[in-house]
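A.B. asks: I'd like to go over a predicted model; first the sequence, then the structure.
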Amino acid sequence: MKFLHIADLHFGKSLHDCPLVEEDQPFWVDRFLELTDQVRPQAVVIAGDVYDRSAPSNEAVRLLDRFLTGLHQRGIEVLMTAGNHDSGQKLAFAEKLLDDQGIHIAGIVHKEIRHVTLEDEYGPVTFWLLPYIFPALVSQVLEDDSIRDYEGACRRLLEAQDIDFSKRNVLIAHQNVVRDGVEADRGGSETMIGGVGAIDYRAFDGFTYVALGHIHAAQPVGRSTIRYSGSPLCYHFSETRQPRKGPVLVELGPAGTEAQIRTCLIEPLHPMREIRGSFQEILEAEKEAGEGRGEYLRIVLTDRVRVADAGDKLRAWFRARGSRVLELVHEGQGPSLQGSGGGDGRRKSLPELFTDFYFDRSGETLPDQVQKAIIDYAAEHAARAGDLGEGLFPDEKETEAFTAFILRQEHACGGGDA
Ligand SMILES: [Mn+2]
């Protein structure tokens, strides 16, 4: 039996305000359906985090609808579980009806976990669908107060199932699976907290294959047949530096034989790339490279002195070549854009904080002469406001004047492409 293992689709996710559900995720869905036409799997296994959030957008719901319909039209069985990002209740909508259509969904954990047996020339293969679990949930489901940790919860729940390990069994789970206490390498886009919820891979002894979701980097854990498929697309720039990920094609032979595993590749609509260098270096290298490739870019500028309008110029340059700058960072100059959260531990001065704030909001650096004037002005008033106890400015007139000043500067900068 052949099946494809995927996970962490995160339909509806945005990357730095770029909604992937508009083009990138639909493009991936089409390529995935084409892949199924080539490899002709009997089933597709989706190991949780189908959506990016528990209340998915209309676009995300429509995309999943199209995805499942496409698989169903090809006669492919679907086995899908809820991850920690999904609302199990919502994902489980019409699960009994869909069961008859070959779309098997486990949104909620029950004492007897949902399982589906498919047949091939070597006999039955039972798929065990385990939605995301945590100790309190399992404790409630099994009516057992002694369950305290994730591994205990997982082991007890699996022990409570009637599994015939002389036959072939596939587990689908969305958990933090570790080997000897060592966590799997993160992709970078996970929202999980380090060290929480660890389950040793030996809890899955006896399963022919374990299809995992939760970690966005593709990798085996403990043995080659317990595996994270990784997310279908890079959901963080750090994931561009990792080995390529893609749907895992699993081929099961007769009971007692090792599953054959191969990673398939799906080219993204917009490859992601990180570019590092001075403003001049970057422009020259890109001129050499010629035509644009429609990429999503992260640019790290290493200039020691800020180049006026560097952000604007680079954005425009790449936009004209069909690429998009999603993240732009001035290395060593303070502002860490959009969520990287890193800090150098040093307390920043008011002018620095103001520059950061402006940069963060507009994604642009201020021209030098404007920067100095505006920052001096803001810093002076912010410092005075500290003594006033209310409002940033002593009176409305001054507030108005300041707002007008800011607007003029924004106008002079040509706005932004927010
Ligand atoms: Mn995830």
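C.D. replies: It's in.
A.B. asks: ok, how many other residues are close to the closest residue to residue 145 other than its chain neighbours?
C.D. replies: Nearest residue to residue 145, sequence neighbours excluded (CB to CB, 6 or more residues apart in numbering): residue 139, at 6.2 Å. Yep, even glycine has a C-beta here, placed from its N, CA and C like the rest. Counted with other CB atoms under 10 Å, residues neighbouring residue 139 total 17.
A.B. asks: and if you look at the one 10 residues further on?
C.D. replies: By the other CB under 10 Å criterion, the neighbourhood of residue 149 contains 13 residues.
A.B. asks: separation between residue 150 and residue 196?
C.D. replies: According to CB to CB, to the nearest Å, residue 150 and residue 196 sit 8 Å apart.
A.B. asks: Now do the same contact list for the residue nearest to residue 145.
C.D. replies: 145, 146, 147, 153 (CB atoms under 8 Å, 6 or more residues apart in numbering).
A.B. asks: Can you pull the phi/psi pair for the closest residue to the third one other than its chain neighbours?
C.D. replies: Beyond its immediate neighbours in the sequence, the residue positioned closest to residue 147 (CB to CB, 6+ apart) is residue 139, lying 4.2 Å away. Dihedral angles of residue 139 (phi, psi; degrees, to the nearest 10) stand at phi -60, psi -40.
A.B. asks: Quick check: which ranges of the stretch 251-400 of the chain have low pLDDT?
C.D. replies: For the stretch 251-400 of the chain, applying pLDDT under 70 flags the ranges 290, 292, 332-400.
A.B. asks: for it, what spans make up the helices?
C.D. replies: All helices of the stretch 251-400 of the chain, identified by DSSP state H, counting those that start in this stretch, fall at 279-289, 310-319, 350-362, 368-388, 396-412.
A.B. asks: Show me what the second one is packed against.
C.D. replies: For helix 310-319, the packing partners by 3 or more CB pairs under 8 Å, 6 or more residues apart in numbering; DSSP states H and E come out as helix 279-289, strand 296-301, strand 324-330.
A.B. asks: quick one: strands adjacent to the shortest one?
C.D. replies: Looking at strand 296-301 with DSSP bridges, its paired strands and their directions are strand 272-277 (parallel), strand 324-330 (parallel).
A.B. asks: Excluding its own residues, what touches it? List them.
C.D. replies: Counting by CB under 8 Å, 6+ apart, 15, 18, 237, 270-279, 282, 307, 310, 314, 318, 323-331 sit against strand 296-301.
A.B. asks: Produce a PyMOL select command limited to the buried residues of those residues.
C.D. replies: In PyMOL, a selection of the buried entries from the contacts of strand 296-301 looks like this (16 or more other CB atoms under 10 Å):
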select buried, resi 15+237+270+272+275+277+278+279+282+307+310+314+318+323+324+325+326+327+328+329+330
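A.B. asks: what's the burial count for residue 13?
C.D. replies: A count of nearby residues for residue 13, using other CB under 10 Å, gives 23.
A.B. asks: Just the local confidence number for it, please.
C.D. replies: Looking at residue 13, its pLDDT stands at 95.
A.B. asks: Could you list which residues are in contact with the closest residue to it other than its chain neighbours?
C.D. replies: Nearest residue to residue 13, sequence neighbours excluded (CB to CB, 6+ apart): residue 52, at 4.0 Å. Going by CB under 8 Å, 6+ apart, residue 52 touches 10, 11, 12, 13, 60, 85.
A.B. asks: how about the residues you listed in JSON lines, adding secondary structure and distance to the ion?
C.D. replies: Below are these laid out as JSON lines (DSSP: H, G, I helix; E, B strand; the rest coil; distance: CB to the ion, whole Å):
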{"residue": "10", "secondary structure": "coil", "distance to the ion": "6"}
{"residue": "11", "secondary structure": "strand", "distance to the ion": "11"}
{"residue": "12", "secondary structure": "coil", "distance to the ion": "12"}
{"residue": "13", "secondary structure": "coil", "distance to the ion": "9"}
{"residue": "60", "secondary structure": "helix", "distance to the ion": "14"}
{"residue": "85", "secondary structure": "coil", "distance to the ion": "6"}
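A.B. asks: count of neighbours near residue 285?
C.D. replies: Residue 285 has 11 neighbouring residues, counting by other CB under 10 Å.
A.B. asks: Could you do residue 197 as well?
C.D. replies: Neighbours of residue 197 using other CB under 10 Å come to 21.
A.B. asks: Could you chop this structure up by domain?
C.D. replies: 2-263, 272-412 (automatic domain parsing).
A.B. asks: among those domains, which is the most enclosed?
C.D. replies: domain 2-263 (a mean of 19; mean count of other CB atoms under 10 Å).
A.B. asks: What sits closest to residue 29 if chain neighbours are left out?
C.D. replies: Spatial nearest neighbour of residue 29, chain neighbours left out: residue 67 (5.0 Å); criterion: CB to CB, 6+ apart.
A.B. asks: Tell me which other helices or strands the helix or strand encompassing the one you found touches.
C.D. replies: Applying DSSP states H and E as the criterion places residue 67 in helix 58-73. For helix 58-73, the packing partners by 3+ CB pairs under 8 Å, 6+ apart come out as helix 24-39, strand 77-81, strand 103-106.
A.B. asks: And for the shortest one, what's in contact with it?
C.D. replies: To tie it back to what came earlier, the one meant is strand 103-106. Against strand 103-106 from outside (CB under 8 Å, 6+ apart): 68, 71-72, 77-82, 91-92, 95, 98, 113-114, 116, 127, 129-131, 172.
A.B. asks: Within the sheet, what are the partner strands of it, with directions?
C.D. replies: Paired with strand 103-106 in the same sheet, following DSSP bridges, are strand 77-81 (parallel).
A.B. asks: Tell me the helix or strand right after the partner strand.
C.D. replies: helix 88-91.
A.B. asks: From the chain's centroid, how far away is that following helix?
C.D. replies: With CA atoms, centre = their mean, to the nearest Å as the basis, helix 88-91 stands 20 Å off its chain's centre.
A.B. asks: And the spatially closest residue to residue 8 that is not a sequence neighbour, how close does it get to residue 21?
C.D. replies: The shortest distance from residue 8 to any non-neighbouring residue, by CB to CB, 6+ apart, is to residue 231 (4.0 Å). Remark: distance between residue 231 and residue 21 (CB to CB) = 14 Å.
A.B. asks: before we move on, the earlier item: and the residue nearest to residue 8, what does it touch?
C.D. replies: Neighbours of residue 231 in contact, by CB under 8 Å, 6+ apart: 7, 8, 9, 10, 49, 187, 189, 216, 239, 245.
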